[in-house]
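Participant: Build me a model:
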Amino acid sequence: METKELQAIVNPIYTTAKGTVLMLKGGGDPDATKLAPYLDLSDLQKRATTTPQELKRCYVVSQEARYGINNEAALRSGKPVVVDLPCGYSPRGFRVTAAGKRYFGFDLPIVIDEMKEASKKAMSEQQWAASTFAAVDATNYESLRNALGDVKGELCIITEGLLGYFSESELISMSRAVHRLLAEFGGCWITADSGILEIYGLTFGALFQSDQKAFLERIKGHATRMADAEFYQNSLFLNGPDGAKAFLKSQGFDVKAESVSAYLPEMRTVSGEEHQKLENAYRKMEIWTMTVNQAGMKTEKPIDLNLPFEVKSELTDGLFTVSVQGRMDTITAPELLKQFREAGEGIEAICVDVSRMPYVSSAGLRVLLMMYKSLADKDKFEMTGVSEDVREILETTGFDQFLLKE
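Facilitator: Take a look at the predicted model:
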């Protein structure tokens with residue numbers, strides 16, 4: 001099985017990212033128009049033909065607004081280095097480098113492989129020289145720090161459309177990684193993720209003089225679940241804005257909240273009157289700028305260990321034994337899946353030693369669950385050496401009921 005296919009299995013949510021460039025191109029964005037020909041958008045273009053016109057317009061306008069709001073926030077931050085986490089397939093690097101800033105586009109390997117090549121072809125020489133694309137795991141400080149290399153200057157870390165995919169443990173790990181980066185470089189972390197969930201309904205209401213209920217009725221049968229994942233199940237989304245801000249404060253951040261309407265730029269897809277309606281509708285949504293407050297950070301747990309990743313496995317008389325060393329996350333989990341698939345048929349029992357695995361992300365859990373489900377007798381799956389931290393992750397996500405024995 002090819003590496004790209006393994007990455008897609010382990011990280012299925014990456015498929016949602018291509019919709020951004022397709023909708024921006026549909027709205028006439030010049031950078032998206034330059035980039036799109038070098039990306040494979042065929043599957044999304046086929047699916048788009050079945051969507052009603054008013055919903056298409058709602059999605060295109062909403063996406064232009066989201067993209068523009070985050071761009072404006074990043075550029076107005078005044079920081080010379082913009083870290084796009086994740087960059088997906090959006091043309092933000094074009095906008096950032098055109099403004100004279102350094103751009104780092106970070107995402108999964110399967111995204112970066114395509115996006116790096118496409119951007120190199122579509123960008124000007126000056127834009128490409130100011131851009132870096134790198135595969136990272138957003139929850140891993142070492143992964144992020146290594147990708148930044150010897151860059152100088154304060155960072156503006158922008159997260160658009162990422163945080164809702166995280167489990168609680170992933171959110172905490174990512175927050176700690178960002179905190180360490182900002183403590184080292186200075187700068188800020190900006191996101192509208194927790195306050196922009198209503199943008200599609202609000203856009204529909206502003207454009208078609210309707211409301212959220214009508215929008216939800218209209219999208220029935222047209223919303224597609226792109227990945228087998230649970231969304232918005234962490235502290236940024238479960239306990240309201242106040243709970244989310246309390247969580248960020250506990251992770252060592254000061255939070256400045258502003259209405260996203262303050263960052264809404266001029267838009268190609270709406271008239272002046274419609275723009276005013278959108279600005280009024282968006283006032284209730286917030287964009288947050290986080291800066292480091294060392295005194296506020298909880299210190300009960302140490303930063304995750306970063307042992308070199310390694311998987312050793314063998315199949316003997318139907319027993320597949322495997323030991324995992326190091327963090328198993330979006331970057332490293334495909335290696336475990338690769339060795340499991342290469343073992344072939346005839347696996348009757350599985351024993352996974354995780355005594356040297358300090359952390360597991362949802363990607364790693366997905367692989368472990370695949371292994372568990374492959375067995376005819378599920379009682380023949382065993383994990384040994386489970387640390388307190390890993391056990392807490394399993395229990396928080398509900399995977400303990402499958403992967404841990406009583």
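
Participant: Gln233 and Ala98: what is the separation?
Facilitator: As defined by C-beta to C-beta, to the nearest Å, Gln233 lies at a distance of 37 Å from Ala98. (C-beta placed from N, C-alpha, C; glycine too.)

Participant: Can you report how many residues lie near the nearest residue to Glu348 once chain neighbours are set aside?
Facilitator: With C-beta to C-beta, 6 or more residues apart in numbering as the measure, Gly318 is the residue that lies nearest to Glu348, at 3.6 Å, once sequence neighbours are left out. Around Gly318 there are 11 other residues, counting by other C-beta atoms under 10 Å.

Participant: Provide the secondary structure category for Glu345.
Facilitator: The local conformation at Glu345, judged by DSSP: H, G, I helix; E, B strand; the rest coil, is coil.

Participant: need the contact list for the residue nearest to Glu348.
Facilitator: Taking C-beta atoms under 8 Å, 6 or more residues apart in numbering as the definition of contact, the neighbours of Gly318 are 346-349.

Participant: go on, Arg57?
Facilitator: Neighbour list for Arg57: 207, 269 [criterion: C-beta under 8 Å, 6+ apart].

Participant: show me where pLDDT drops low in the stretch 301-406 of the chain?
Facilitator: When residues are selected by pLDDT under 70, those of the stretch 301-406 of the chain lie in 301-306, 406.

Participant: And the helices in it?
Facilitator: With helices called from DSSP state H, counting those that start in this stretch, the stretch 301-406 of the chain shows them at 333-342, 362-373, 388-397, 400-403.

Participant: where in the protein is pLDDT low?
Facilitator: Of all residues in the chain, those with pLDDT under 70 make up the ranges 1-16, 43-50, 211-231, 294-306, 406.

Participant: So which residue is smack in the middle of it?
Facilitator: Leu162 (3.1 Å; C-alpha atoms, centre = their mean).

Participant: Could you say which one of the helices of the stretch 301-406 of the chain comes nearest to Val322?
Facilitator: Distances from Val322 to each of the helices of the stretch 301-406 of the chain were compared using C-beta to C-beta; the shortest belongs to helix 333-342, at 6.9 Å.

Participant: longest helix in the chain, by residue count?
Facilitator: Of all the segments assigned as helix in the chain under DSSP state H, the longest by residue count is helix 53-76.

Participant: Can you list the buried residues in that one?
Facilitator: By 16 or more other C-beta atoms under 10 Å, the buried positions in helix 53-76 come out as 55, 57-75.

Participant: among the helices of the stretch 301-406 of the chain, which is nearest Met174?
Facilitator: It is, among the helices of the stretch 301-406 of the chain and with distance given as C-beta to C-beta, helix 362-373, at 11.9 Å.

Participant: Tell me the helices and strands packed up against the closest one.
Facilitator: Judged by 3 or more C-beta pairs under 8 Å, 6 or more residues apart in numbering; DSSP states H and E, helix 362-373 is in contact with helix 3-10, helix 333-342, strand 349-356, strand 381-384, helix 388-397, helix 400-403.

Participant: neighbouring contacts of it?
Facilitator: 9-11, 165-167, 170, 229, 320, 328-330, 332-334, 336-337, 340, 350, 352, 360, 378, 381, 383, 393-394, 397, 399, 402-403.
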